[in-house]
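In: With the input below, show me the fold.
(chains A and B)
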Amino acid sequence: MIELGQIAQKVRSKNAGPFWLTIDIFCRNRVDFERISSALDTEMVAALFRIDPAQVKRFDIADLNVVKFSLPRPAIQGTRSDRDMHGAAWAVLLEEMEIA
Amino acid sequence: MARTRVLIPTGALGLAYDRDALARGVAARPDIIAVDGGSTDSGPAYLGRGVSKYSRATTKAEWRDLMLAREQAGVPLVIGTAGTCGADATVDWFYDITCELAQELGQKLTVTRLYSSQNPPETAEAFTAGQITALPAAPEIDADLIQSCSNIVALAGAEQIAAALKTGADIAIAGRTTDTAIIAALPILRGANPGGAWHGAKIGECGALATTNPASGVIQIDFDETGFTMEPLTPSARATPYTVSAHMLYENTDPFLLHEPGGVLDVAAATYTALDDRRVRVEGSVWRPGTYTVKLEGARIAGYQSVSLTLLRDRSYVANARGWVAEVAARARGEAADRMGLAEDQFDIELRLIGLDATLGPLEKSGPLPSEVGVLAIATAPTEAQAAEIGKILNPYLLHHALTEDEPMPTFAFPFSPAEMPRGALYEFCLHHVLTLDDPMSAFRLVTNEVGDD
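Out: Sure thing, here's the model as predicted:
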């Protein structure tokens, strides 16, 4: 097992408006992309964020060697329970995820 | 048709840019200079209060450069989402800066303001009439909640920007617009391919972010009847098929679709071709017209807050920080309820542990113990005075609460006096909806003035 962040070139999370979060996993090459794409299970990603897997949108974009997830924000931006206004820190949950 | 060249100085006014590249862009004879002035990305307080995130001094300094560039180029200058949130108050704030600069620079100008603010009672009526539709993951709303918003804005599209340009404006100051509309409007008005216009606008809306040198800021995009060509204006910055195509990922839930007023952009079939090592040609983007809707954003006050910070450095308190904050919170909650007469659901006390899980909260996995822990205590209450009172109720516990009864009274580190800091109102975004319009201008207003000396 290895942390995803040790294979990916960059994992970026950003707000996509106040209600959605979008996470882009950039890979250096096709081999790394296919390894991450096949090892990542959408249900595991939903579990990291404790949300319903049915709400997770997933895009495996071979042309860019990118795996993208979009999901409702764990807390709506700026509400009392939000901890990360720009949504960038959530990327570490994927970076530190162990994959085969 | 003629090519339409759009000069984009930076991803957002206030973020700085390469001045030499701006001069190069002016020399390349653009048809318009377009810059974005805001976004929701910094949170709901800016919209809630109707204020800018960036300093007035920085805004004025950068706008001065762009007003000089406009004068030299002899073309319109347009800013979208002026003053971070694009409410009417920030449009007027930006107009005041423009008038001051026009005087200082001796420029005589036609300035058009495009207002995007909505009247909450009218928005509530539109909701009741079924003209407002929820987008995915929208919060539940009702007419009362809409009425409670301190500001509501509608996001203008290309049609409203085109209307502002048609007033003959030298400078158009737009309230809330989509990030792309200020770039797409003139090319569409002049007959460019609408798919190419919206796609190029999305690629250009963050300035040089879709290049190898994001901080350089300045780019130009040429639009025509089949697509667009993107060129960064700082020599060291390069646009490549990868940097350009990957930008559709940015802050967008779907990397192939982009919803705009009046339709959706589909880039699934777009082709990206390197013209040389720093310019990219894009064709094949498709615009699918649909019902004319504009997105709404609204913010309202959700209480008032007082925050305190105390630092635990003693090893036994660092090791037992969770138990300690649970006790402090429970005691303060009890006192706030008893002594202030507040019901439990009227207020909130939350203590976040900086160094343990303040960023991710319950999603954090446990890590090694740090040498110190910051305790960020957040009190939320219906009024500012009540939030301040709860902050004061927390104070003695945050300073002295002992984990055990048989130890000398501990004292923790407060970095400030007073320890509690009023944070003012807590705002929340409460609309993620679209408003259907028969006439694109019916939710927007234009005002044109002549400003400056002659």
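In: what's the longest helix anywhere in chain B packed up against?
Out: Criterion DSSP state H: the longest helix present in chain B is helix B:321-340. When contacts are defined as 3 or more C-beta pairs under 8 Å, 6 or more residues apart in numbering or on different chains; DSSP states H and E, helix B:321-340 sits against strand B:348-354, strand B:373-381, helix B:384-400. Using the backbone N, CA and C atoms, a C-beta is placed for each residue, glycine as well.
In: hey, which helix or strand in chain A has the poorest pLDDT?
Out: Lowest by mean pLDDT, DSSP states H and E among the helices and strands of chain A is strand A:98-99, with a mean of 94.
In: Spell out the secondary structure type for the residue nearest to the spatial centre of chain A.
Out: Central residue of chain A (C-alpha atoms, centre = their mean): residue A:23, 4.0 Å from the mean position. Under the three-state scheme (DSSP: H, G, I helix; E, B strand; the rest coil), residue A:23 adopts strand.
In: pretty sure it contacts residue A:11?
Out: Yes - at 6.8 Å, residue A:23 and residue A:11 qualify as touching, with contact defined as C-beta atoms under 8 Å.
In: Please identify every residue contacting each of these two.
Out: A:91, A:94 (C-beta atoms under 8 Å, 6 or more residues apart in numbering or on different chains).
In: Mind pulling up the pLDDT for residue 77?
Out: Going with chain A. Residue A:77 carries a pLDDT value of 97.
In: wrong chain, I was asking about chain B
Out: On the pLDDT scale, residue B:77 gets 98.
In: so what's it bridging to?
Out: residue B:33, residue B:171 (DSSP bridges).
In: so what's it up against?
Out: So residue B:77 contacts B:32, B:33, B:34, B:35, B:66, B:67, B:69, B:70, B:170, B:171, B:172 (C-beta under 8 Å, 6+ apart).
In: between those residues, which is closest to residue B:18?
Out: residue B:69 (12.6 Å; C-beta to C-beta).
In: Checking the closest one next. Helix, strand or coil?
Out: Secondary structure, three-state DSSP: residue B:69 is helix.
In: now the helices for chain B?
Out: B:19-27, B:45-49, B:56-73, B:88-105, B:120-128, B:143-147, B:158-165, B:181-189, B:194-204, B:241-246, B:315-319, B:321-340, B:384-400.
In: Give me the contacts around the first one.
Out: Counting by C-beta under 8 Å, 6+ apart, helix B:19-27 makes contact with B:7, B:9, B:33, B:65-66, B:69, B:72-73, B:216-218, B:220, B:232-234, all of which sit outside it.
In: tell me which parts of chain A are close to chain B?
Out: Residues of chain A lying close to chain B by C-beta under 8 Å from any C-beta of the partner chain are A:14-20, A:22, A:24, A:26, A:48-50, A:55, A:57, A:59, A:61, A:63-64, A:66, A:68, A:70, A:72-74, A:76-81, A:83-86, A:89-90, A:92-93, A:96.
In: Got a quick PyMOL command for the buried subset of the residues you listed?
Out: Listed next is the PyMOL selection for buried residues among the residues of chain A next to chain B, using 16 or more other C-beta atoms under 10 Å in any protein chain shown:
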select buried, chain A and resi 14+15+16+17+18+19+20+22+24+26+48+49+59+61+64+66+68+70+72+73+74+76+77+78+79+83+84+85+90+92+93
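In: So which of the residues of chain A next to chain B are in helices?
Out: Of the residues of chain A next to chain B, the ones assigned to helices by DSSP H are A:48, A:92, A:93.
In: Which neighbouring elements make contact with the helix or strand where residue A:34 lies?
Out: Using DSSP states H and E, the element containing residue A:34 is helix A:30-39. Packing partners of helix A:30-39 (3+ C-beta pairs under 8 Å, 6+ apart): helix A:4-7, strand A:66-72, strand A:98-99.
In: Compare these and say which comes out lowest on pLDDT.
Out: Between the helices and strands packed on helix A:30-39, the lowest average pLDDT goes to strand A:98-99, which shows a mean of 94.
In: What score does residue 44 have for pLDDT?
Out: Looking at chain A here, since you left the chain open. pLDDT, residue A:44: 94.
In: Please refer instead to chain B.
Out: Reported pLDDT at residue B:44 in the predicted model: 98.
In: Would you check that it makes contact with residue A:77?
Out: Yes - applying C-beta under 8 Å, one finds residue B:44 in contact with residue A:77, separated by 7.0 Å.
In: Determine the residues that are contacts of both of those two.
Out: Common contacts of residue B:44 and residue A:77 (C-beta under 8 Å, 6+ apart): A:18, B:429.
In: Which residue ranges make up the domains of chain B?
Out: B:4-116+B:155-292+B:437-452, B:299-429 (automatic domain parsing).
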